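>>> I would like to see how this sequence folds:
(2 chains)
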Amino acid sequence: MKVFKLIFKNALRHKLRTILTILGISIAVSAFGFIRTVVTAWNAGVAASAVNRMISHHSVSIIFTLPLSYRDQLQKVPGVSGVSYGNWFGGAYKDPNDFKNFFPRMAIDPETFFPLYPEFIISDEYLAAFKKDRNACIIGQKIATEHGFKIGDIITVEGDIYPGTWDFVVRGIYKGRDATVDETQMLFQWKYLDEKVGQTQTARTGQVGWYILNVQSASDLPTVAKAVDDMYANSRASTKTETEKEWQQSFVSMSSAILTSLTVMSYVIIGIILLVLTNTIVMATRERIREYAVLKTLGFSTKHIVGLIGGESMLIALLGGGLGLFLTFPATGGFAAAFPTWFPIVVVEPLTITLAAGSAIVAGIVAALFPAMRILHMKIVDGLRTIG
Amino acid sequence: MSLISLHNVFKSYWRDSLEIPVLRNISFEIPDGEFLGLMGPSGSGKTTLLNLIAGIDRPTSGTLSVANTEITKLGESELAKWRSKHIGFVFQFYNLMPVLTAFENVELPLLLSKLSKKERKEHVELALKVVSLEDRMHHYPKQLSGGQEQRVAIARAIVTDPTLLVADEPTGDLDKVSAEEILKLLERLNTEFKKTIVMVTHDPRAAERAHKSRHLDKGELS
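Just a heads-up that it's a prediction; the model follows:
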């Protein structure tokens, strides 16, 4: 018989209590992993931002547009190596109340956009077809799969910002370079938007929502931002230029209270893990005080007894933690399936796994501390007198 | 030759600020191979004296030597090692681990030794044979009678071949027949295997089996 066998047998002495503790820990660990993954998904755009891209938009609000004429001037700003632009289109596809029908729809310049976004993987054939048709669109792999779109299909969207019925022909499907790239976007030609809007609202032509600037070096970002914003400071459409990360962060910060609450909740859950396990180990140790006194009488040292208590605590914590981590993946997978376009990038990060596993391990150690301290100070004769 | 010697041993407990003397000026010697019965009424200090001899408690003052080791001078971890080599303890309520089989319970003290698994198995089987329980080695304590549990406890106490066997009311929780079996077994361990035994009892019939009896009353030997 090995000591590990005794630890295992001790852990299974009260099967129901041990199983409930393991389940409690696993639910807490999976909830921790789930919440952190949701927070990570919320911040996915920020995390995936390129370090050398900047966004220049209207200084008052994103809802105001900038003239297309800025494009040529921006290209001449020192440090800028590429310029593209885009407009948020919005619109409604089929039933707008159905979550799955929401996916970002944006007008972009096909010539300049893709060189600035190398993380969008698209074949030359698709790109050529996209450039050829004015009403062509390129969609991400996720929405193609979700809605069963194929090349040649027509996607009809009812415009809201840009009224009317819009038909887009699917000419290409892009994939992300890695799991952090959003594959739920629909991109179509800016010229199609501009021309069709021009047919009814001539004042809205030649306007872009934002400019995308590719900057040669990250160290140039502050000087480029200043140069651009200074250039249009006194114009009718002044700009606010910021890094792509700051731009993405500005959207996320609108939900900062929710995110902070979720983050706090995830740490409260760690406390719950600790309490659940500590309660079980304290009860188990109290019931076995006499047995530990007997072991000490037989010659087992305090170190051995602490090892038994710690081992049992770690065993329960690891089983609960392992099961919890295992459950995190289907839980987050279900969440991703339920909100594919709202949260296009739902990935259980290695850091989340490490933190969840680490929490279980720390809980295992801390939960054993109080009972171990009791054993450390217990006199054998007092332990033998205990009625367990 | 004396195996155990006590000189001017005092032991007292503190309850809040009140000192309660339990043993007063105990001095005596126990020769090697002795079967000593310690008798006395409840609260006379006999279990406390046994605990001091077994090295699971410390005297307030005085010296105590067992097998040429002054155990009052040993630190906690040294004392634990010393107990594992020299002391076999038999409790009134057996104190077996309920989750372990008879074999595993007897094997427990050997986990502290450097014996191989095979050697441990041989020692455990021999100890269980001595107490005539080789056919119950895979039974759990709850599957054994009180007498059988106490025999397993005795096997656990002798499996390391200790210098001294101490027994605290070993028949106190047993019926007459089982108590008789245990006393016969202890006698056999003393006569056949030459084990020195110190047994605490308040049962005169149990004390009759010992070679010699000492009486404690209010913490003093008579």
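>>> What about the residue lying closest to A:Phe329 once chain neighbours are set aside, how many residues nearby?
Spatially, and ignoring its direct neighbours in sequence, A:Phe329 is nearest to A:Val348 (6.2 Å; Cβ to Cβ, 6 or more residues apart in numbering or on different chains). Placement of C-beta: from N, CA and C, glycine included. Here the neighbour count serves as a burial measure; for A:Val348 (other Cβ atoms under 10 Å in any protein chain shown) it reads 20.
>>> Low-confidence ranges, the chain, go.
Let's take chain A. Segments of chain A classed as low confidence (criterion: pLDDT under 70) are A:1, A:387-388.
>>> Tell me the residues of it that contact chain B?
Among all residues of chain A, those adjacent to chain B (criterion: Cβ under 8 Å from any Cβ of the partner chain) are A:1-3, A:5-6, A:9-10, A:12-13, A:290-291, A:294-303, A:379-381, A:384.
>>> List only those of the residues you listed flagged as buried.
Applying 16 or more other Cβ atoms under 10 Å in any protein chain shown to the residues of chain A next to chain B, the neighbour count classes A:1, A:6, A:9-10, A:290-291, A:294-302, A:380-381, A:384 as buried.
>>> Just the ones of these in helices?
Among these, the ones falling in helices (DSSP state H) are A:6, A:9-10, A:290-291, A:294-298, A:302, A:380-381, A:384.
>>> For the residues you listed, name the two members farthest from one another.
Using Cβ to Cβ, the pair of those lying farthest apart is A:Lys9 and A:Val381, separated by 26.3 Å.
>>> tell me the centre residue of chain B?
Averaging the C-alpha coordinates of chain B gives a centre point, and the residue nearest to it by Cα atoms, centre = their mean is B:Val166 (2.0 Å).
>>> do the same with chain A
For chain A, counting by Cα atoms, centre = their mean, the most central residue is A:Ala41, which lies 1.9 Å from the centre.
>>> so who does the residue nearest to B:His202 when sequence neighbours are not counted touch?
Residue nearest to B:His202 in three dimensions, not counting chain neighbours: B:Met39, with 6.3 Å by Cβ to Cβ, 6+ apart. If you count contacts by Cβ atoms under 8 Å, 6 or more residues apart in numbering or on different chains, B:Met39 has them with B:46, B:200-202, B:204, B:207, B:213-216.
>>> Using neighbour counts, pick out the buried residues of the one helix or strand A:Val83 maps to.
Counting by DSSP states H and E, the element that carries A:Val83 is strand A:80-88. Taking 16+ other Cβ under 10 Å as the neighbour-count basis, strand A:80-88 is seen to contain the buried residues A:80, A:82-87.
>>> What is the nearest of those residues to chain B?
Nearest to chain B out of the buried residues of strand A:80-88 is A:Gly86 (Cβ to the nearest Cβ; 68.0 Å).
>>> That closest one bridge partners, please.
According to DSSP bridges, A:Ile108, A:Trp210 are recorded as the beta-bridge partners of A:Gly86.
>>> so can I have a markdown table of the ones in helices among the buried ones among the residues of chain A next to chain B showing distance to B:Tyr94?
Putting those into a markdown table (distance: Cβ to Cβ, whole Å) gives the following:
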| residue | distance to B:Tyr94 |
| --- | --- |
| A:Leu6 | 18 |
| A:Lys9 | 18 |
| A:Asn10 | 18 |
| A:Arg290 | 11 |
| A:Glu291 | 12 |
| A:Val294 | 10 |
| A:Leu295 | 14 |
| A:Lys296 | 17 |
| A:Thr297 | 13 |
| A:Leu298 | 13 |
| A:Thr302 | 24 |
| A:Ile380 | 17 |
| A:Val381 | 18 |
| A:Leu384 | 12 |
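>>> Tell me how many other residues crowd the closest residue to chain A within chain B.
As assessed by Cβ to the nearest Cβ, chain A sits closest to B:Ser84 within chain B, at 2.5 Å. For B:Ser84, the count of nearby residues is 20 (other Cβ under 10 Å).
>>> now the strands for the stretch 51-200 of chain A?
The residue ranges that make up the strands of the stretch 51-200 of chain A, judged by DSSP state E, counting those that start in this stretch, are A:53-58, A:66-67, A:80-88, A:105-108, A:120-121, A:136-140, A:154-159, A:164-176, A:186-189.
>>> what does stretch A:338-345 rub up against?
The contact list for stretch A:338-345, computed with Cβ under 8 Å, 6+ apart, reads A:38, A:41-42, A:44, A:48, A:99-100, A:102-104, A:140, A:142-143, A:146, A:179-184, A:335-336.
>>> Buried residues, it. List them.
Residues of stretch A:338-345 classed as buried by neighbour count (16+ other Cβ under 10 Å): A:339-345.
>>> Over to that stretch now: how far is its first residue from its last?
In terms of Cα to Cα, to the nearest Å, the two terminal residues of stretch A:338-345 are separated by 12 Å.
>>> starting at the chain centroid, how far to it?
When distances are taken as Cα atoms, centre = their mean, to the nearest Å, stretch A:338-345 is centred 10 Å away from the chain's centroid.
>>> now do stretch A:330-347
The mean C-alpha position of stretch A:330-347 is separated from the chain mean by 10 Å, Cα atoms, centre = their mean.
>>> and that stretch, how far apart are its ends?
Distance between the two ends of stretch A:330-347: 12 Å, counting by Cα to Cα.
>>> tell me the contacts of the nearest residue to A:Gly140 once chain neighbours are set aside?
Distances taken as Cβ to Cβ, 6+ apart put A:Glu183 closest to A:Gly140, at 3.6 Å, once the chain neighbours are dropped. If a contact means Cβ under 8 Å, 6+ apart, then A:Glu183 has A:140-143, A:174-176, A:344 as its contacts.
>>> please redo it, this time with the cut-off set to 7 Å
Contact criterion Cβ atoms under 7 Å, 6 or more residues apart in numbering or on different chains gives A:140-142, A:175-176, A:344 as the residues in contact with A:Glu183.
>>> which two of those lie the greatest distance from each other?
Spatial extent of the contacts of A:Glu183 (Cβ to Cβ) is set by the pair A:Lys175 and A:Pro344 at 12.7 Å.
>>> Quick one: name the residues of chain B near chain A.
Proximity of chain B to chain A (Cβ under 7 Å from any Cβ of the partner chain) is limited to residues B:51, B:56-57, B:77, B:80-81, B:83-84, B:89, B:95, B:97, B:99-100, B:104, B:107-109, B:111-112.
>>> Narrow those residues to those in helices?
Filtering the residues of chain B next to chain A for membership in helices, criterion DSSP H, returns B:51, B:77, B:80-81, B:83-84, B:104, B:107.
>>> Farthest pair within those?
Put simply, by Cβ to Cβ the two of those set farthest apart are B:Asn51 and B:Glu104, 26.0 Å from each other.
>>> Return the nearest residue of chain A with respect to chain B.
Closest residue of chain A to chain B, Cβ to the nearest Cβ: A:Gly299 (2.5 Å).
>>> Wait, that residue touches B:Trp82, no?
No: A:Gly299 lies out of contact with B:Trp82 (Cβ atoms under 7 Å); the separation is 8.0 Å.
>>> Please state the offset of stretch A:68-75 from the chain centre?
Distance of stretch A:68-75 from its chain centroid, counting by Cα atoms, centre = their mean, is 34 Å.
>>> now the strands for chain B?
Secondary structure of chain B by DSSP state E: the strands cover B:2-15, B:18-31, B:35-39, B:61-66, B:69-70, B:87-90, B:164-168, B:196-200, B:212-217, B:220-221.
>>> ok, the residue nearest to A:Gly140 to A:Thr341 distance?
In this structure, A:Glu183 and A:Thr341 are 10 Å apart, going by Cβ to Cβ, to the nearest Å.
>>> got it, and A:Ile289?
Where A:Thr341 is concerned, A:Ile289 sits at a distance of 58 Å (Cβ to Cβ).
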